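Participant: any chance you could fold what I've pasted below:
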Amino acid sequence: MGKKSRLKKERRLLNASDGVSMWADADGIHSIVKDEKPSPERVEEMERAYRENIRTSPIWNAMVKKYGRERAEELLLECKIEID
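Facilitator: Below you'll find the model as predicted:
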């Protein structure tokens, strides 16, 4: 599989997760979800689930390959959910 096809597949897998609209840009990965504002406990739970989803995605393999497992874990802890 060529690089272009692999990147398309990775984007398709990201976008297909849970029917949630997601995209990435220079500011990070973004998503739009309709719902009420969650409690702080719910936000923490969502962050844990989000990090676990990243760990099981092709993005995680790319992060480990590029930065090494230890640095990738540090970067993963920086993934936060911000509610606007």
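Participant: all contacts plus neighbour counts: C-alpha atoms, from now on.
Facilitator: Fine.
Participant: grab the nearest non-local neighbour of the residue positioned nearest the centre of the chain.
Facilitator: Nearest to the geometric centre of the chain sits Ile54, at 4.8 Å (CA atoms, centre = their mean). Closest residue to Ile54 apart from its sequence neighbours, by CA to CA, 6 or more residues apart in numbering: Trp60 at 5.8 Å.
Participant: list the buried ones in whichever helix or strand the one you found is part of?
Facilitator: In this assignment (DSSP states H and E), Trp60 forms part of helix 58-67. Under the neighbour-count criterion of 16 or more other CA atoms under 10 Å, helix 58-67 has 58, 60, 63 buried.
Participant: for those residues, give me TSV that also has pLDDT and distance to Ala72.
Facilitator: Output for the buried residues of helix 58-67, formatted as TSV (pLDDT from 0 to 100; distance: CA to CA, whole Å):
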residue	pLDDT	distance to Ala72
Pro58	91	13
Trp60	92	8
Met63	93	6
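Participant: for those residues, which one is nearest Glu44?
Facilitator: Relative to Glu44, the closest of those is Trp60; by CA to CA it sits at 20.2 Å.
Participant: that closest one against Arg51, yeah?
Facilitator: No - with contact defined as CA atoms under 8 Å, Trp60 does not reach Arg51; the gap is 9.7 Å.
Participant: which residues in the protein form helices?
Facilitator: Here the chain has its helices, by DSSP state H, at 3-16, 40-55, 58-67, 69-77.
Participant: can you name every helix or strand that the shortest one contacts?
Facilitator: Applying 3 or more CA pairs under 8 Å, 6 or more residues apart in numbering; DSSP states H and E, one finds that helix 69-77 contacts helix 58-67.
Participant: so how far is the helix it packs on from its chain's centroid?
Facilitator: On the basis of CA atoms, centre = their mean, to the nearest Å, helix 58-67 sits 12 Å off its chain's mean C-alpha point.
Participant: report the angle between that helix and helix 69-77.
Facilitator: For helix 58-67 against helix 69-77, the angle by axes from the mean of the first three to the mean of the last three CA atoms, to 10 degrees is 130 degrees.
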